[in-house]
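Chemist: need a 3D model of the sequence below.
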Amino acid sequence: GHRRNRYGTLLNLTRRFRIKKDRNKLNLTDMKKLFIMALCVASLTAANAQKAQVDAAKKLAGKTEKISEARSAINAAMQDPSTATDPQTYVVAADVEFQAYDAARKKLGLDISKATPEEKMAMDGFLLTAYPNLMKVIEFQANDPKGKAAGEAVKRMKNYVENYYQAGGSYYDNKKYYPEAYQAFMDFGDIVTNPMMKGQVNIPDSIAATSYYYAGLSGWAGNNLPKAIDAFVKARHAGFQDPDCYIRELASWQNLMREDSTITAKAQNAIFELSKDGFGRFGLEQPIFISNMANVLVEQGKEKQAIDELTKLLQQYPNSGFIYGLRGYVNDRLENTDAAVADYRKAVENNPGYETMVNAAKNIYHAGITKWNNLDARNANVQQERENIRNNYFNFAQQIVDEAKKIATNGDASALDYLQEQLDYAKTSLK
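Modeler: Numbering: from 1, shown residues only. All right, here's what the predicted structure looks like:
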């Protein structure tokens with residue numbers, strides 16, 4: 001009996017211990033559940049708080065005096081993870097700006113031309129702030145399976161697209177707001193060419209191309225050459241046909257290369273490809289493209305390749321004085337004096353234009369001087385050789401100068417005056 005009591009007591013103690021342990025287990029589990037529930041409630045509360053910020057901004061939209069408050073509310077929602085990737089957040093953000101634009105326009109009245117430049121610039125500034133928010137809607141549209149927010153963004157772009165073009169013109173004409181003009185013209189082009197806008201606006205792609213070109217002019221005028229290049233590239237790809245677009249893009253690369261030697265190789269490659277494209281489109285109507293292609297090859301030490309390319313072109317354009325003159329220049333760089341002179345002579349026969357004529361006259365004159373200095377005075381025929389140089393080099397160079405003077409403008413006269421002095425000296429002083 002004593003033994004049973006002892007074991008019975010031990011059994012009871014074990015059971016009590018297990019029950020206590022199980023109770024502790026239940027308490028820990030309950031605590032974990034409560035903790036998770038608390039986190040969920042906190043997250044939900046935070047999400048609701050940010051949703052409230054979006055709703056607050058939506059209610060404030062259109063109240064010009066509340067624009068700062070509306071922006072503050074929507075910016076807070078943009079920073080919070082629970083609403084930062086919700087496309088509806090950015091629909092509201094865009095609406096804050098668009099409705100501010102509408103309110104400002106209404107305040108200025110129907111005749112916007114009577115508004116001060118500052119009033120116009122401030123009004124159009126709302127458009128520039130709105131557009132990046134529309135792009136955020138598209139960026140996060142995967143978070144909107146029904147596509148409601150994306151549809152809202154398309155609707156806004158459709159309603160305001162023409163205002164962007166007008167804003168670009170206003171900013172550019174003011175001459176103080178080239179960066180803003182650039183952005184407005186780029187935004188217009190991007191809206192028109194956005195695949196989501198297909199069938200939504202009745203604006204030809206050619207107008208978008210023109211807008212990109214004007215953006216390039218704005219970047220150029222504001223001395224932001226990288227942005228100018230970006231815009232000119234978009235204009236070309238959109239089908240802009242004016243050679244000025246190509247030429248300004250070339251000039252932008254050349255200026256950038258002068259400012260930063262570390263981009264020389266990149267700039268040269270861009271210039272060569274752009275010139276090749278320009279020549280393919282405009283041919284010899286714009287000889288600047290062939291000239292730039294040859295210059296890049298020369299600068300890269302590829303003179304022989306330049307000669308080969310120009311020789312191929314002469315088979316296609318056998319009467320091009322400009323190409324003969326260009327090949328003469330490259331031959332001169334290679335110190336192929338006789339070949340250079342022969343090319344320049346052919347160039348002059350084919351009406352090459354003023355610049356090539358001046359280069360031809362200089363090259364032929366200097367070739368004559370070199371030959372003169374290399375004559376052997378002890379040679380019995382030296383006088384005859386000198387006479388040949390006078391006729392074939394100095395006198396021929398003079399004939400070219402006389403023809404060049406007929407087509408020279410006032411700004412070109414100095415180069416001819418200096419060359420004339422050299423020729424006068426050769427004809428009178430060299431015996």
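
Chemist: only C-alpha atoms from now on, for both contacts and neighbour counts.
Modeler: Noted.

Chemist: mind checking pLDDT for the most centrally placed residue in the chain?
Modeler: Nearest to the geometric centre of the chain sits residue 230, at 1.2 Å (Cα atoms, centre = their mean). In this model, residue 230 is scored at 98, pLDDT.

Chemist: please apply the same query to residue 68.
Modeler: Residue-level pLDDT assigned to residue 68 equals 87.

Chemist: what's the helix or strand for it?
Modeler: Using DSSP states H and E, residue 68 sits within helix 67-79.

Chemist: below-threshold pLDDT in the chain: ranges please.
Modeler: Counting by pLDDT under 70, the ranges of the chain that qualify are 1-51, 53, 56-57, 61-62, 64, 110, 411-412.

Chemist: how about 50 then?
Modeler: 1-4, 6-7, 9-11, 13-14, 17, 19-21, 26, 34-47 (pLDDT under 50).

Chemist: burial count for the closest residue to residue 349 other than its chain neighbours?
Modeler: Nearest non-adjacent residue to residue 349, counting by Cα to Cα, 6 or more residues apart in numbering: residue 321, 7.1 Å away. Neighbour count for residue 321, taken as other Cα atoms under 10 Å: 24.

Chemist: cool, residue 247 as well?
Modeler: With other Cα under 10 Å as criterion, residue 247 counts 18.

Chemist: now do it against residue 420, distance only.
Modeler: In this structure, residue 247 and residue 420 are 33 Å apart, going by Cα to Cα, to the nearest Å.

Chemist: do residue 278 as well
Modeler: Where residue 420 is concerned, residue 278 sits at a distance of 36 Å (Cα to Cα).

Chemist: with residue 70 instead?
Modeler: 73 Å.

Chemist: which one of the two is surrounded by more residues?
Modeler: residue 70 (26 against 18).

Chemist: circling back: wait, the residue nearest to the centre of the chain sits on residue 217?
Modeler: No: the criterion here is Cα atoms under 8 Å, and residue 230 misses it with residue 217 at 11.1 Å.

Chemist: phi first, then psi, for residue 409.
Modeler: phi -90, psi 170 (degrees, to the nearest 10).

Chemist: what sits against it?
Modeler: If you count contacts by Cα atoms under 8 Å, 6 or more residues apart in numbering, residue 409 has none.

Chemist: and stretch 415-428, what's buried?
Modeler: Of the residues in stretch 415-428, 416, 419, 420, 423, 426 count as buried by neighbour count, 16 or more other Cα atoms under 10 Å.

Chemist: want to throw these into a markdown table with distance to residue 372 and secondary structure?
Modeler: Below are the buried residues of stretch 415-428 laid out as a markdown table (distance: Cα to Cα, whole Å; DSSP: H, G, I helix; E, B strand; the rest coil):
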| residue | distance to residue 372 | secondary structure |
| --- | --- | --- |
| 416 | 22 | helix |
| 419 | 18 | helix |
| 420 | 18 | helix |
| 423 | 13 | helix |
| 426 | 10 | helix |
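
Chemist: from those residues, which is closest to residue 340?
Modeler: Nearest to residue 340 among those, counting by Cα to Cα, is residue 419 at 18.4 Å.

Chemist: let's verify the residue lying closest to residue 153 once chain neighbours are set aside: helix, strand, or coil?
Modeler: Excluding its sequence neighbours, the residue lying closest to residue 153 (Cα to Cα, 6+ apart) is residue 134, at 5.7 Å. Classification of residue 134 using DSSP: H, G, I helix; E, B strand; the rest coil returns helix.

Chemist: which other helices and strands does the strand or helix carrying residue 163 contact?
Modeler: Per DSSP H and E: residue 163 is located in helix 148-174. For helix 148-174, the elements it packs on are helix 87-108, helix 117-139, helix 178-193, judged by 3 or more Cα pairs under 8 Å, 6 or more residues apart in numbering; DSSP states H and E.

Chemist: buried deepest among those helices, which one?
Modeler: helix 178-193 (a mean of 25; mean count of other Cα atoms under 10 Å).

Chemist: after it comes which helix or strand?
Modeler: That would be, after helix 178-193 and using DSSP H and E, helix 205-221.

Chemist: got the angle for the helix or strand that that next one is followed by vs helix 178-193?
Modeler: Next helix or strand after helix 205-221 toward the C-terminus (DSSP H and E): helix 225-237. Orientation check (axes from the mean of the first three to the mean of the last three Cα atoms, to 10 degrees): helix 225-237 against helix 178-193 gives 30 degrees.

Chemist: packing partners for the following helix or strand past helix 225-237?
Modeler: Next helix or strand after helix 225-237 toward the C-terminus (DSSP H and E): helix 243-259. Contacts defined by 3+ Cα pairs under 8 Å, 6+ apart place helix 243-259 against helix 225-237, helix 264-282.

Chemist: quick one: the helices in the stretch 301-431 of the chain?
Modeler: 303-316, 321-333, 337-349, 354-373, 382-389, 396-407, 413-429 (DSSP state H, counting those that start in this stretch).

Chemist: export the second one to CSV, keeping only CA atoms.
Modeler: Taking C-alpha atoms only, helix 321-333 is exported to CSV below (Å, rounded to 0.1, in the frame of the first residue of the first chain):
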residue,chain,number,x,y,z
GLY,A,321,34.3,69.0,-108.0
PHE,A,322,33.7,68.8,-104.2
ILE,A,323,34.6,65.1,-104.0
TYR,A,324,37.8,65.7,-106.1
GLY,A,325,38.7,68.5,-103.8
LEU,A,326,38.1,66.3,-100.7
ARG,A,327,40.3,63.6,-102.1
GLY,A,328,42.9,66.2,-102.8
TYR,A,329,42.8,67.3,-99.2
VAL,A,330,43.3,63.7,-98.0
ASN,A,331,46.2,63.1,-100.5
ASP,A,332,47.8,66.2,-99.2
ARG,A,333,47.6,64.8,-95.7
